[in-house]
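[1] Build the 3D model from these lines:
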Amino acid sequence: MTLAITALGTELTFDGITVGEIQSVSGARTRRIIEILSCDSSDDAVEKIAGALNEGEVTFHCIYDGLAAGVYNQLNTAFQAATPTPMATCSITYPDTSNHSCKGIISSLGLPSFSEADGEVSIDVTIAFSGKATYTDKVG
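    Numbering: from 1, shown residues only. Okay, the predicted model is just below:
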């Protein structure tokens, strides 16, 4: 039996702004790798050790909301002001109640766009994470 969950119902919030109608979410975490080579190296090979964790960033693609009090306007306000300070909490909650949460700031806010004349108008938003993320797995 698979443990896969459906993406339908995934919610993303940034600084209290609930972003609806998300079509995709992607991102990656990295760890800095430190290369060590010294005159004491006996086999002429670089050794590596783990460095700092980088929680990376998350990019989400969602339906454009052009209302004056809509999500795009709220995200644009935060993006243009380079706020909040301190950084806001970004939280992704999946339908099984598992959650990924980290402080972050909007690093890219796409202009409303579409790929086909009869397609929906959508936006891409990237949030750069800062510090260490918290993961909460579903119970059971």
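
[2] average model confidence for the longest strand seen in the chain?
    Criterion DSSP state E: the longest strand present in the chain is strand 47-63. Strand 47-63 shows a mean pLDDT of 94.

[3] I'd like the C-alpha coordinates of that strand written as CSV, please.
    Extracted in CSV, the C-alpha atoms of strand 47-63 (Å, rounded to 0.1, in the frame of the first residue of the first chain):
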residue,chain,number,x,y,z
GLU,A,47,38.3,15.5,1.5
LYS,A,48,35.0,17.0,2.2
ILE,A,49,33.1,17.9,5.3
ALA,A,50,29.6,19.2,5.9
GLY,A,51,29.2,22.9,6.3
ALA,A,52,26.2,25.1,7.0
LEU,A,53,22.6,24.2,6.2
ASN,A,54,20.8,26.4,3.6
GLU,A,55,17.0,25.9,3.8
GLY,A,56,16.9,27.3,0.2
GLU,A,57,13.8,28.6,-1.3
VAL,A,58,10.3,27.6,-2.4
THR,A,59,8.7,28.7,-5.6
PHE,A,60,4.9,28.4,-6.0
HIS,A,61,2.7,28.9,-9.1
CYS,A,62,-0.8,30.0,-8.4
ILE,A,63,-3.9,31.6,-10.0
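
[4] and that strand, what does it pack onto?
    Contacts defined by 3 or more C-beta pairs under 8 Å, 6 or more residues apart in numbering; DSSP states H and E place strand 47-63 against strand 22-36, strand 99-109, strand 122-136. Backbone N, C-alpha and C define where each C-beta goes, glycine included.
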